[in-house]
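# Need coordinates for the below:
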Amino acid sequence: MVRTINGKKRPFGEDRPKKGGKAIVAAVAVGALTAGGAGLTTSGGVTGGSATSAHGKSAGKDAARKGQRGEAWNRIGLRQLRQTAHAATTCGAHSYGQVQQFFRTHPCRKLDRLLLAIGDTRGNTVVVSIAWVRMPSAGTAAELKELADTDGTGNVEPLAAGALGLTGVEFTGRYYGSRLDGSLVVIAEAAPGGGRPDPATMDDAAEVAAEFPPP
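You can find the predicted model right below:
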């Protein structure tokens, strides 16, 4: 198996440690923030539709760079259902593994995290985690991205999926995207949230999510 990081296919399988290990964001359901009044569908069992076209993903990334979240998801056949967000001025307490150790010696300046539930037309749900990490310099940002992009090094902790009314969500790093913009590092991951979402769609979702500007 392979996963995509910045448009490049990288090996992924049982013989390699998964990106950052498993981050489990299961929690007791609490009140969720609803976007657009849509309800969350977690039932299903039908495999998602065919992989979105390269044109659709490219258009989704373009919309994401402009901050057009709804249009970005629409371009890859998805729509936003719910979200929760959190801002912090430290990163060490919100990370794990070697990434956490890195933050202890290279503190970040700001951390914004967003967790989204997005759905396809067949009732399947994808959960997307986005972290915008502002570092003191472009140099430390580049070091962080290189470390975070490496399998088995840890990562920024996703927000708890209980805030979206979901349990048992696991981010393994298989569906992953990241980018570097000066002193800003953006890390995005996708995971199944209900039903049987298409793997290619989750891969596209992570790549598109990494293009969103910080809040």
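# can we go C-alpha only for contacts and neighbour counts from here?
Will do.
# Let me know the helix or strand that residue 111 is in.
strand 110-119 (DSSP states H and E).
# Return the list of strands paired to the helix or strand following that strand, each annotated with direction.
Following strand 110-119 in sequence order, the next helix or strand is strand 125-134 (DSSP H and E). If you go by DSSP bridges, strand 125-134 pairs up with strand 110-119 (antiparallel), strand 184-194 (antiparallel).
# any residues touching the first one, and which ones?
In this structure, residues lying in contact with strand 110-119 by CA atoms under 8 Å, 6 or more residues apart in numbering are 40-41, 78-91, 125-135, 158-159, 161, 164, 193, 214-215.
# Buried among those residues? Need that as a selection in ChimeraX.
This is how ChimeraX selects the buried members of those, with burial counted by 16 or more other CA atoms under 10 Å:
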select :40,41,78,79,80,81,82,83,84,85,90,91,125,126,127,128,129,130,131,132,133,134,135,158,159,161,164,193,214
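# Which parts of the protein are strands?
Under the criterion DSSP state E, the chain contains strands at 2-5, 8-11, 23-24, 33-34, 79-88, 95-96, 110-119, 125-134, 155-156, 170-171, 175-181, 184-194.
# okay, the strands paired with strand 125-134, which one's buried deepest?
The highest average neighbour count among the strands paired with strand 125-134, using mean count of other CA atoms under 10 Å, belongs to strand 184-194 at a mean of 26.
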